[in-house]
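> Turn this into a structure:
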Amino acid sequence: MNLILMENTCINISFALLLINLVIYWLNIAFKKIKTLSKLGTILNIILNLSLSISLISRWIYNGYFPLSNLYESLIFLTWGLTFIQVILEQKNNSKLIGAISTPIGLFTVGFASLALPLDMKEASPLVPALRSNWLMMHVSIMMISYSTLILGSLLSILFLILYKIRYKNLNNNIYNNEIKNIQNLYSKRSTIPSNYIIQKFTRISLLESIDNLSYRIIGLGFPLLTIGIIAGAVWANEAWGSYWSWDPKETWALITWLVFAAYLHSRINQSWEGEKPAILASIGFIVVWICYLGVNFLGQGLHSYGWFL
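Okay, the predicted model is just below:
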């Protein structure tokens with residue numbers, strides 16, 4: 001099979017699998033985690049990731065360089081990163097909430113790359129001299145994987161905020177903490193309290209805590225990757241242009257992204273904030289990541305821009 005045809009076929013298969021998985025994950029949540037749907041969703045996600053891997057490898061072989069030189073290729077790689085991290089997290093946490101919130105993002109990125117981008121932006125072109133470096137693979141791949149990780153962690157924080165507002169709309173953090181103690185007291189007196197009442201209240205709080213902790217762990221993984229990616233980019237910039245930092249719009253927003261998530265992790269480590277406030281910071285980080293990744297590029301300005309709108 002022709003490599004270009006193989007690549008296009010794999011992308012089409014990936015889009016179809018993302019659409020199917022979106023339905024499966026939401027049905028799984030609606031019908032209280034049906035085991036058959038859970039296993040099917042996991043299997044399809046693994047096939048999806050393999051399909052994206054084949055498409056990237058085919059493009060790599062055909063063009064002769066690692067496929068991260070334009071917006072189309074980076075969108076496909078971002079989707080690969082999202083699905084790869086999702087596979088790992090689902091195996092470790094056995095939670096389909098991750099798939100339910102990440103699959104729409106993957107569907108958007110693949111759909112945007114395949115349907116919205118002009119044809120000339122999908123075609124590979126010879127690398128400019130500055131990109132003919134081994135740093136291309138290291139810097140850009142690490143940055144894209146860090147984006148994927150931070151996006152997933154931020155999405156979980158957004159989910160935490162939504163559930164927090166629904167369950168604790170009129171409660172502050174102190175009452176939230178007392179709620180756990182009250183449930184423990186109720187549990188000790190379960191002979192006079194309906195068991196389903198205790199289980200429902202305990203499950204709601206456990207769900208919030210698990211989502212919050214999972215978000216923290218994922219962002220804790222993505223932040224070092226972002227740091228390494230920025231440092232690698234600075235070294236590459238010095239090699240290519242003779243300067244470690246030039247305050248290019250992309251570099252500036254990468255620094256803003258780093259500061260937002262550094263503030264989030266600092267607040268969690270020092271426990272200066274709890275519950276809602278760190279989640280708000282992580283949710284802001286979700287927006288900042290997308291501005292750094294897509295928004296700056298579309299302005300058509302700076303060394304990192306792909307230039308479309310202007």
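> And the helices in the protein?
3-30, 35-63, 71-93, 97-111, 119-122, 135, 141-167, 173-188, 195-241, 249-269, 276-290, 296-298 (DSSP state H).
> worst average pLDDT in those helices?
Here the helices of the chain differ in mean pLDDT, and the lowest is helix 173-188 at a mean of 52.
> Okay, buried residues for stretch 277-296 please.
Using 16 or more other C-beta atoms under 10 Å as the test for burial, stretch 277-296 gives 278-286, 288-289, 292-294, 296. Backbone N, C-alpha and C define where each C-beta goes, glycine included.
> Dump the C-alpha coordinates for it into PDB.
Output in PDB follows, covering the C-alpha atoms of stretch 277-296 (Å, rounded to 0.1, in the frame of the first residue of the first chain):
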ATOM      1  CA  LYS A 277      -9.000  27.400  44.200                       C
ATOM      2  CA  PRO A 278      -6.200  25.200  42.800                       C
ATOM      3  CA  ALA A 279      -8.700  23.700  40.400                       C
ATOM      4  CA  ILE A 280      -9.500  27.200  39.100                       C
ATOM      5  CA  LEU A 281      -5.800  27.800  38.400                       C
ATOM      6  CA  ALA A 282      -5.600  24.500  36.500                       C
ATOM      7  CA  SER A 283      -8.700  25.400  34.500                       C
ATOM      8  CA  ILE A 284      -7.100  28.700  33.600                       C
ATOM      9  CA  GLY A 285      -4.100  26.600  32.500                       C
ATOM     10  CA  PHE A 286      -6.300  24.700  30.100                       C
ATOM     11  CA  ILE A 287      -7.100  27.900  28.200                       C
ATOM     12  CA  VAL A 288      -3.500  29.100  28.400                       C
ATOM     13  CA  VAL A 289      -2.200  25.900  26.900                       C
ATOM     14  CA  TRP A 290      -4.500  26.200  23.900                       C
ATOM     15  CA  ILE A 291      -3.500  29.900  23.400                       C
ATOM     16  CA  CYS A 292       0.200  28.900  23.500                       C
ATOM     17  CA  TYR A 293      -0.300  26.000  21.100                       C
ATOM     18  CA  LEU A 294      -2.900  27.300  18.600                       C
ATOM     19  CA  GLY A 295      -3.700  30.900  19.300                       C
ATOM     20  CA  VAL A 296      -0.200  32.300  18.900                       C
END
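> what about stretch 125-139, start to end distance?
20 Å (C-alpha to C-alpha, to the nearest Å).
> thinking again about what came up before, for the buried residues of stretch 277-296, which one is nearest P104?
P104 lies nearest to F286 out of the buried residues of stretch 277-296, by C-beta to C-beta, at 13.0 Å.
> Give me the neighbour count for L48.
28 (other C-beta atoms under 10 Å).
> Distance check, it against L155.
Using C-beta to C-beta, to the nearest Å, we find L48 at a distance of 18 Å from L155.
> just G99 next, same as before
Applying C-beta to C-beta, one obtains 11 Å for the distance of G99 from L155.
> neighbour count winner among these two?
More crowded of G99 and L155, by other C-beta under 10 Å: G99, with 27 against 23.
> tell me the contacts of the more buried one?
N21, Y25, G41, N45, Q86, E90 (C-beta atoms under 8 Å, 6 or more residues apart in numbering).
> repeat that for 10 Å
21-22, 24-26, 28-29, 38, 41-42, 44-45, 83, 86-87, 89-90, 106 (C-beta atoms under 10 Å, 6 or more residues apart in numbering).
> Quick check: N21 touching A100?
Yes - counting by C-beta atoms under 10 Å, N21 touches A100, with 9.5 Å between them.
> Comparing the two, which shows the higher neighbour count?
Neighbour count, other C-beta under 10 Å: between N21 and A100, N21 has more, with 26 against 20.
> and the contacts of G99, which are buried?
With neighbours counted by 16+ other C-beta under 10 Å, these contain buried members at 21-22, 24-26, 28, 38, 41-42, 44-45, 83, 86-87, 89-90, 106.
> so how far is stretch 132-148 off the chain centroid?
Distance, stretch centre to chain centre, for stretch 132-148: 16 Å (C-alpha atoms, centre = their mean, to the nearest Å).
> Same check on stretch 72-87?
Distance, centroid of stretch 72-87 to centroid of chain: 9 Å (C-alpha atoms, centre = their mean).
> mind listing what's buried in that stretch?
Applying 16+ other C-beta under 10 Å to stretch 72-87 flags 72-87 as buried.
> now do stretch 56-73
So for stretch 56-73, counting by 16+ other C-beta under 10 Å, buried means 56, 58-60, 63, 65-73.
> still on that earlier bit, quick check: neighbours shared by N21 and A100?
G41.
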